[in-house]
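Chemist: Here is a sequence together with a model predicted from it:
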Amino acid sequence: MVSSAGGLLAMLNESHPSLKLHALSNLNSFVDQFWPEISTSVPIIESLYEDEEFDQHQRQLAALLVSKVFYYLGELNDSLSYALGAGSLFDVSEDSDYVHTLLAKAIDEYASIKSKAAESNDEAANVDPRLEAIVERMLDKCITDGKYQQAMGIAIECRRLDKLEEAITRSDNVHGTLSYCINVSHSFVNRREYRREVLRLLVKVYQKLPSPDYLSICQCLMFLDEPEGVVSILEKLLRSENKDDALLAFQIAFDLVENEHQAFLLNVRDHLPVPKTQPLQTVQPGSNDPPSAQNDSSTAEDVQMNEGTPASNVNVQDEDPKEVIYAERLNKIKGILSGETSIQLTLQFLYSHNKSDLLILKTIKQSVEMRNSVCHSATIYANAIMHAGTTVDTFLRENLDWLSRATNWAKFSATAGLGVIHRGHLQQGRSLMAPYLPQGGAGGGGSPYSEGGALYALGLIHANHGEGIKQFLRDSLRSTNVEVIQHGACLGLGLAALGTADEDIYDDIKNVLYTDSAVAGEAAGISMGLLMVGTASEKAGEMLTYAHETQHEKIIRGLALGIALTVYGREEEADTLIEQMTRDQDPILRYGGMYALALAYSGTANNKAIRQLLHFAVSDVSDDVRRTAVLALGFVLYSEPEQTPRIVSLLSESYNPHVRYGAALAVGISCAGTGLSEAISLLEPLTSDVVDFVRQGALIAMAMVMVQINEANDSRVGTFRRQLEKIILDKHEDTMSKMGAILASGILDAGGRNVTIRLLSKTKHDKITAVVGLSVFSQFWYWYPLIYFISLAFSPTALIGLNYDLKVPRFEFLSHAKPSLFEYPKPTTVPTTTSAVKLPAAVLSTSAKAKARAKKEAEQKEKEKATAEKTDSSSAGKGKSSNEKDGDSMQVDAPPEKKAEPEPSFEILINPARVVPAQEKFIKFLEDSRYVPVKSAPSGFVLLRDLRPNEPEVLSLTDAPSSTQSPAGGGSTTGQQGSASAMAVDEEPQPPAPFEYTS
Amino acid sequence: MDPKLTEVSQQFDRFKAAMTRKDYNTCTQLLSQLKVLLTGFRSLPPLFEDTPNAICELTLASKYSSLSFKLTMIWDIYEHAVLLSVKVEDQDAFERDFFQLKPYYTDAGKRLPPSPNEYMILGLNLLRLLVQNRIAEFHTELELLSSTALENPCIKHAVELEQSFMEGAYNRVLSAKQNVPNETYGYFMDLLAKTVRDEIAGCSEKAYDYLSIKDAGQMLLFTSDQELLEYVKEEHPEWEMKDGFVFFQKAKDSAPCKEIPSLQLINQTLSYARELERIV
């Protein structure tokens, strides 16, 4: 090797062209080593490049050389422009840093030009054709090399849908690439419009495939809001001869339901074509042999719908058998689409698997001072959250006396709490609440607070599935002028008609708003937002105007949140409105602007939104706005929970307690249910902050993060539980943080320990209801009853397998992990352990006595229950419990006493089973099983294909207690279960005995 | 044997013949062709590939020439090229050729015997740098030389010249012309006088406001006023000649110092302070 490029550089000045060429080509191969020497001669080489007399090849060579030198000098822009001049000599396939860097640069450049052009709608963007050529060469190379993912990424980035299509169709695994592409388009395509274009293309490609993946198509169509496409697919599948196709259709329906897009689902349902010769008689038997649940649930609307076509009622006995099958399947799918089937099954699952620990509540109840109404109602909230959706209201019924201390608004929320507990109890919701509902006309003895609360409760029960209850709520709203009842009715109506954009309801609520009553107006504002979620309708302008007119801060706040809700998920479309709100004089409207930013960009991790929020978080003059700005980060970032702790870590050390509070909740929201270690580390110091409300926020946030995480996963969960207990028992603790601790214990064990907080569905779509629920929940700072909105964000962590009849057959599958990793937290009932855990010094004699008493009571009860159980003739109860027994015995040998024995590394779960999010990756389906899942999803509703349809099926969840026999024999010994309370109640819980308030 | 090799050695023979004839035009042409021919040899710098006939290429040893014990080293061609450029008094060509020659000295040590003319050429190059007043490069080159090389009279000559030049002992520089180690040095020694003059002119410009023409002529080593006048006209048109004096005044209007962008700096600092206050 030579030690200097001097000779070659000197040769550049030679007069003979072939000498120059020789020098150039040699320099080109030595540039990696001698670029510092060459850099001084760049002007000479440049002049060679510009020399018109030189032949083309030589000029390109010169350009390539200059480009390389500039690359080494770090002048990438110059380097790129010369590389473009090098034409074909710039070899995209070369494996060197230079080529990689410049390619990246070129693609970036191209992508930014293209997207800028697209944003300004400038068709004739002048892209350097040479640049385009390089990018295309790169794309072609990726495709020919089989690097389809790269090609797709580049194509999407550069807005080259033609190339994207090529990459997908030419790839060897079209399904894989398509699903990859969907993922990419959701996580990396920032502009909504463009994402829609990509998805439209994907749907096109999907439909061209010989065996289309209907599941994914329908997901795309849902995002595109094109119900017609889904309808035609579903109809095709339902009309198919093959039973499997029908199963697939059901699976699609379940997956759509999971995304909670009510308006869309209703659209699909209503557009499904009615069977041609469908007399009513055929429907009735058709809907009778599917489970009675089906029948119950769908009666409300289906009957109405059928009544719409009574003309065909009379004639024809000789219907086409195909149509009969279709009609039957149609009925099922309508049930699914309206959400009733899944709600029904979820309800059964939550009820049967309820593991909530009543002792925790009892401890709280006893340690809270009677006169402290905040903590008193916090306990009621905690109870509601703990039993959300389980229909278990034992605690309330056992403590009627204590409960009756709730007065006024506390009574409102106590009643509304029933709604949370019975969430999804669609058929009996109304009868459950009947005792508290306003009695039409009769004047009624009930207090307006409990009546209002009952209406709110109805909304919570029917949240996002309010078909059946809307009318009733509207009537109640119209027939009253008591503002407390109006408040409850507005909230209820908003919840029930979530996102339906129903004009009539909107007008009713608007009338309430215009009465300009602070209490009712606030609820009306929120309710309008709930009604119009994500529609970006021009109603927002109307609301904004009124917000400027009214004097009541409460109304302004309600409206501000309402306006924010209307722009949910609209991203750039919302920018004008956000701008308008964030520049407002009124801090409350700016505060609404923060929510608008949060919701419009929810889950997008959009950089612009994050920047804006951070700016407000540090620059706004109002503490409320700052707090909300930080909190809003949680919503924007929930799709990438790992990011949040990093982004807010500085803010969590702010001198301003409001900002710290916001940081805590932001982490709580975005990392909810993940148990993310960084999140916990960030929250830990905040739980012992000097300011009481920061502690409150941190405790709640911590509970949200740790929901369903047990000690085996993260030892800090245990520490946190003990910390909560300590705060609750401590007499000198501030009310604020005590309340936080009580709520946190509720959230930690939410829904009988069988739900988590999830803002994304399994297909990575936003769950509207959940996001809306959390955003309104975060409003509890101003209005405690809004705490209940958190129940909207709960999603059961279960794998529920269903057969063709939408029943739950007995089906086993494997969780390939140690059972202890994901088991329920140990109940605190065992007397020895609880006392051991507690610090002896901290226990006061009185509370210890109370404890002992409580324990004694509990044991007493347990005994009673056990006996009650034995006498209980409900065979279904036995069947279910026997299942649980089986589940226990299947854990081979993990009773806690035998610690010496090694734990098995797997666990057999029985349908329906609790599968926590972290466990999902360990779920495996057994190969020799009777049932094969249509889609191998680790959780949620999975349709099962029966491989042995002739054998009698054994069902494990039974919905009609009287009709089914105890399946697996040997359900005789139903020993004491940790959470025996669940067992004590009848299979179909009765409405609680109406209790009287003594106010 | 490789016909290309034979061609090169024949060309080179012709070139040397022309050189002795002092037919420099032919020389330049032949040289250019030679260089183009050499680019075809892959064993030459910068590649130094080990091709089978590398030795032949490096030594230009055709069968014919080896028989006659007439080994021609490859660097011989470039040395001749350098000498030619001195003869035709072309400094650029000198630089080019020297740089092309240099890799043979520095990097081909293992393959080729050292050239007897190496130090002479190197000294010549040093001298050239001195003439062109490129002192920095002069020292760079010097640092690359070994201590034995520094002992060589050719190199020593250049080094001593530089020292005198730096000291300002211009008369010593000029007198050194008499004892050049090699006759090719003559050309550069002539040029050196001019470099010295430029240097003196530069100094006097700074040192004096004006000088009498007589003094100036003496100082700039001119023998007649006429020569001085021509020199001033050509090299320093900004000098003013009047009343028998040379005024350097004009050139002294030095450019004003660069202004410090104080306002901008203040603004920036203030904004930093503001941001700092705001941060969390």
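Modeler: Cool, got the structure.

Chemist: can we go C-alpha only for contacts and neighbour counts from here?
Modeler: OK.

Chemist: can you list the weak-confidence ranges in chain A?
Modeler: Scanning chain A with the threshold set as pLDDT under 70 gives A:1-2, A:121-125, A:276-319, A:439-445, A:828-903, A:957-999.

Chemist: residues touching the residue of it found nearest chain B, list them.
Modeler: Distance from chain B to each residue of chain A (Cα to the nearest Cα) is smallest for A:Gly7, at 4.0 Å. Residues in contact with A:Gly7 (Cα atoms under 8 Å, 6 or more residues apart in numbering or on different chains) are B:96-103.

Chemist: 10 Å - rerun?
Modeler: Residues in contact with A:Gly7 (Cα atoms under 10 Å, 6 or more residues apart in numbering or on different chains) are A:23, B:45-46, B:95-104.

Chemist: Quick check: phi and psi at the closest residue to A:Ser815 other than its chain neighbours.
Modeler: Spatially, and ignoring its direct neighbours in sequence, A:Ser815 is nearest to A:Ile923 (4.5 Å; Cα to Cα, 6 or more residues apart in numbering or on different chains). The phi/psi pair for A:Ile923 (degrees, to the nearest 10) reads phi -80, psi 130.

Chemist: what about the strands in chain B?
Modeler: Taking DSSP state E, the strands of chain B run over residues B:210-212, B:240-242, B:245-247.

Chemist: can you check chain A too?
Modeler: A:755-757, A:794-796, A:798-802, A:808-809, A:812-815, A:907-910, A:913-914, A:923-925, A:931-933, A:940-946, A:955-957.

Chemist: looking at chain B, which helix or strand does the model trust least?
Modeler: Least confident helix or strand of chain B, by mean pLDDT, DSSP states H and E, is helix B:63-67 with a mean of 42.

Chemist: Show the contacting residues for whichever residue of chain B sits closest to chain A.
Modeler: Relative to chain A, the nearest point of chain B is B:Gln100 (4.0 Å; Cα to the nearest Cα). Shown in contact with B:Gln100 (Cα under 10 Å, 6+ apart): A:5-11, B:45-46, B:75, B:78-79, B:81-82, B:94.

Chemist: give me that answer again for 6 Å
Modeler: Applying Cα atoms under 6 Å, 6 or more residues apart in numbering or on different chains, we find B:Gln100 in contact with A:Gly7.

Chemist: how close does it sit to B:Leu126?
Modeler: Noted for B:Gln100: a distance of 16 Å to B:Leu126, by Cα to Cα, to the nearest Å.

Chemist: A:Lys470 too?
Modeler: As judged by Cα to Cα, A:Lys470 and B:Leu126 stand 99 Å apart.

Chemist: of the two, who's got more company?
Modeler: The neighbour comparison of A:Lys470 against B:Leu126 (other Cα atoms under 10 Å in any protein chain shown) goes to B:Leu126, with 25 against 21.

Chemist: Now do A:Val621: how many residues are near it, please.
Modeler: Neighbours of A:Val621 (other Cα under 10 Å): 11.

Chemist: Dump the strands of chain B to JSON lines, plus mean neighbour count and mean pLDDT.
Modeler: Formatted as JSON lines, these follow (neighbours: other Cα atoms under 10 Å in any protein chain shown; pLDDT from 0 to 100):
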{"stretch": "strand B:210-212", "mean neighbour count": "17", "mean pLDDT": "82"}
{"stretch": "strand B:240-242", "mean neighbour count": "15", "mean pLDDT": "78"}
{"stretch": "strand B:245-247", "mean neighbour count": "19", "mean pLDDT": "81"}
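
Chemist: Serialize the ones you listed to CSV and add fields for distance to A:Phe90.
Modeler: CSV is the format used below for the strands of chain B (distance: least, Cα to Cα, whole Å):
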stretch, distance to A:Phe90
strand B:210-212, 61
strand B:240-242, 57
strand B:245-247, 59
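
Chemist: With distance to chain A added, can I get these in a markdown table?
Modeler: Below are these laid out as a markdown table (distance: least, Cα to the nearest Cα, whole Å):
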| stretch | distance to chain A |
| --- | --- |
| strand B:210-212 | 39 |
| strand B:240-242 | 37 |
| strand B:245-247 | 38 |
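
Chemist: can you pull the alpha-carbon coordinates of stretch A:496-505 into PDB?
Modeler: Extracted in PDB, the C-alpha atoms of stretch A:496-505 (Å, rounded to 0.1, in the frame of the first residue of the first chain):
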ATOM      1  CA  ALA A 496     -75.400   4.500  27.000                       C
ATOM      2  CA  ALA A 497     -75.400   6.300  23.700                       C
ATOM      3  CA  LEU A 498     -71.600   6.600  23.500                       C
ATOM      4  CA  GLY A 499     -70.400   7.700  20.200                       C
ATOM      5  CA  THR A 500     -73.800   7.200  18.400                       C
ATOM      6  CA  ALA A 501     -74.100  10.900  17.500                       C
ATOM      7  CA  ASP A 502     -77.900  10.600  17.900                       C
ATOM      8  CA  GLU A 503     -79.400  14.000  17.000                       C
ATOM      9  CA  ASP A 504     -82.500  13.700  19.100                       C
ATOM     10  CA  ILE A 505     -80.600  12.800  22.200                       C
END
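
Chemist: Contacts for that stretch, please.
Modeler: Defining contact as Cα under 6 Å, 6+ apart, one finds that stretch A:496-505 is touched by A:263, A:459, A:462-466, A:530-533.

Chemist: Can you give me the buried ones in that stretch?
Modeler: A:496-501, A:505 (16 or more other Cα atoms under 10 Å in any protein chain shown).

Chemist: circling back: per-residue confidence at the residue of chain B closest to chain A?
Modeler: Predicted confidence (pLDDT) at B:Gln100: the value is 80.

Chemist: what does B:Pro153 give?
Modeler: Reading off the model, B:Pro153 has pLDDT 82.

Chemist: what's the closest non-adjacent residue to it?
Modeler: Using Cα to Cα, 6+ apart, the nearest residue to B:Pro153 is B:Pro181, at 6.9 Å.
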